[in-house]
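Engineer: I'd like to go over a predicted model; first the sequence, then the structure.
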Amino acid sequence: MYRTNFRDHLVLIIGSLMMLLPVVVAFTTSTHEAADIHMNGLTLVPGDHFAETYETVLTRQGGLTGKVAGLTMLGHSLILGLGFAIGKIVLSMLAAYAIVYFRFRAATAMFWIIFTTLLLPLEVRILPSYEVMHKLGLINTYTGLIVPLLASATGTFFFRQFFKSVPDELLEAARIDGAGPFKFFIDILVPLSRTMIAAMFIIMFVYGWNQYLWPMLMTNDEGFYTLVRGIKQILIVWVGSQIPDYNEAFAMAVLAMLPPVALVVIFQNWFIKGLTESDK
Amino acid sequence: MKRAQFSSSLLPYLFLAPQLAVIFIFFYWPSAEAIRSSFFLEDPFGFGSTFVGFQNYIDTLTSPEYLGIAAFTALFTVLVTFFSLAAGLLLAVKADKVIRGSSAYKTLLISVYAIAPPVAGLIGMMFFDQHIGPFVRLAALFGWEMKVGLNYWDTTFAMVFVAVWKQIPYNFIFFLSGLQSIPASVLEAAVIDCRNGLRRFWTVLAPLLTPTAFFLLIINFTYALFDTFGVIDVMVKDKAANNPITLTYKVYMDGFRGNDLGGSSAQSVILMVVVLVLTVFQFRFLERRVHYG
């Protein structure tokens, strides 16, 4: 139908390089010494300080209070990503199940109460959210870090769309066989949603892992920092130093982006499916 | 609506309870607080607050600084949206055309999606660094002395560049899936009727892509308005004085650095109104003008 020509490939190759080169350069540069980078600039050639730099970044107790190491931050990022993804999936599947599969009077009202949250992103209500969290005493807690982020309807919307596409006959058949609401949900609907759950998990894990503003407000104790939250600290430590630790900054950036990027690349089919079907 | 449903008066509420609890505590309560405190002037030493009516709004909307930032936000949003949509579309059209290596290109092009905005900002800072940044060196070759972090427009350039870079994969994914859902029969008919590839794109493919493009337009607006916070925060490093910032960043600055609860809340409410208008616009006005194939 079309004849592939050289120009198409050229555009794609330039595009791919534009997207990927900065990431590759971040990695290769992180394997050089700071003074080396300061002299010669960014480089595409891998250096021989890989193990050294990454060991330092992961295990050295650094930061302003001297009690936060890269590994601790990595752990917190994992907790935030996993906690958020699992919480989101559980909450939104239950809510979507209630909205789609039950006949009750307030159904429409509930729908609107939940979906209004799609209109206002967290960023426009940060200060009042902070005040509320302060009143509840949730500053520097995992609950405060994870639960408020669950207050949006993206997942619910996604599962609602999917449940609506499940054939009615399934429920009819299940009811004839005597299945109640719990049995239908656990034995039929959940197994049927496996792919959807996987897709949602990837998207939500990446979203949780990448959170920046909220962790910044909720955690002022360095013992609770995530990797992405720690990025800011690197830059603050820099101010005033003669030769900034470029290598360590890049190593941190690599650590902060590796898990979500790997997840998206490995499970790209699920991820794309989830993304294009949830947002429409 | 399902034909078959359970009818139970209690169970649905039980299933909805966790979600509703989270939404009420962490969405409705803070949103109501934002609206409430936007009408009050908070005492800087924490001794209560006085009702001032619309004074916070008047102060905000008549402040030249705020209006300057609003103008910058508009410019920033338009630039980021335009360039990331254009690049995403171009790459998607090409990736849809090629047969050999298309999945490899796809993998390479989407991977940046998963990078957090502040991490993208950090990498961007390095590329635009005074000492080690290759972009600064490249610009110097053309006689452009780039000073990101010091020169207002140079910082703007770097911020837009990083924000666009980070958003291209998202637009690419949606344009590609939009293109792939166009039936082969339509494409074949178009090839018979029109030999010119570019003209075929604008008369056949582009109209069929408008729902996708339109959806992406709104998503990109919200991205540029809100999700770029991390990029901006890393790139201006708290020294907002001479640097360009967006309205969202200003809410944060005034609320957490300036301790101006009333002013920050008024700004929050103004942003809420902007988002609401965008959403209503999306549903009421633009959707009618869009062709759904």
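Structural biologist: Cool, the structure landed.
Engineer: Name the SS class of B:Thr50, please.
Structural biologist: Here B:Thr50 takes the strand state, with states given by DSSP: H, G, I helix; E, B strand; the rest coil.
Engineer: now it: how far from B:Phe39?
Structural biologist: When distances are taken as CB to CB, to the nearest Å, B:Thr50 and B:Phe39 turn out to be 10 Å apart. C-betas here are computed from N, CA, C, even on glycine.
Engineer: So for these two, which sits in the more crowded spot?
Structural biologist: The neighbour comparison of B:Thr50 against B:Phe39 (other CB atoms under 10 Å in any protein chain shown) goes to B:Phe39, with 19 against 11.
Engineer: Contacts only, for the more buried one.
Structural biologist: B:51-54, B:56, B:262 (CB atoms under 8 Å, 6 or more residues apart in numbering or on different chains).
Engineer: low pLDDT regions in the stretch 1-150 of chain B?
Structural biologist: Confidence mapping of the stretch 1-150 of chain B against pLDDT under 70 gives the ranges B:1, B:3-4, B:43-47.
Engineer: Would you state the strands of it in chain order?
Structural biologist: Listed in chain order, the strands of the stretch 1-150 of chain B (DSSP state E, counting those that start in this stretch) span residues B:40-42, B:49-51.
Engineer: before we move on, what about the stretch 51-200 of chain A?
Structural biologist: Chain-ordered strands for the stretch 51-200 of chain A, with DSSP E, counting those that start in this stretch as the definition, do not occur.
Engineer: Show me where it dips below the pLDDT cut-off.
Structural biologist: Regions of the stretch 51-200 of chain A meeting the criterion pLDDT under 70 cover residues A:61-67.
Engineer: Roughly how far does A:Trp112 sit from B:Ser8?
Structural biologist: Where B:Ser8 is concerned, A:Trp112 sits at a distance of 21 Å (CB to CB).
Engineer: Can you pick out the residue with more neighbours from those two?
Structural biologist: A side-by-side neighbour count of A:Trp112 and B:Ser8, using other CB under 10 Å, places B:Ser8 first with 16 against 8.
Engineer: And that one, how close does it get to chain A?
Structural biologist: For B:Ser8, the distance to chain A (CB to the nearest CB, to the nearest Å) stands at 6 Å.
Engineer: wait, that residue sits on A:Phe102?
Structural biologist: Yes. Checked against CB atoms under 8 Å, the pair B:Ser8 and A:Phe102 is within contact range at 6.3 Å.
Engineer: Touching both of these two, which residues are there?
Structural biologist: A:Pro181.
Engineer: tell me the contacts of A:Phe163?
Structural biologist: Contact analysis of A:Phe163 by CB under 8 Å, 6+ apart lists A:96-97, A:100-101, A:189.
Engineer: Same list (these) but as JSON lines, adding neighbour count and distance to B:Trp144.
Structural biologist: Converted to JSON lines, these look like this (neighbours: other CB atoms under 10 Å in any protein chain shown; distance: CB to CB, whole Å):
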{"residue": "A:Ala96", "neighbour count": "27", "distance to B:Trp144": "53"}
{"residue": "A:Tyr97", "neighbour count": "25", "distance to B:Trp144": "58"}
{"residue": "A:Val100", "neighbour count": "20", "distance to B:Trp144": "57"}
{"residue": "A:Tyr101", "neighbour count": "22", "distance to B:Trp144": "61"}
{"residue": "A:Leu189", "neighbour count": "21", "distance to B:Trp144": "59"}
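Engineer: Appreciated, that's everything.
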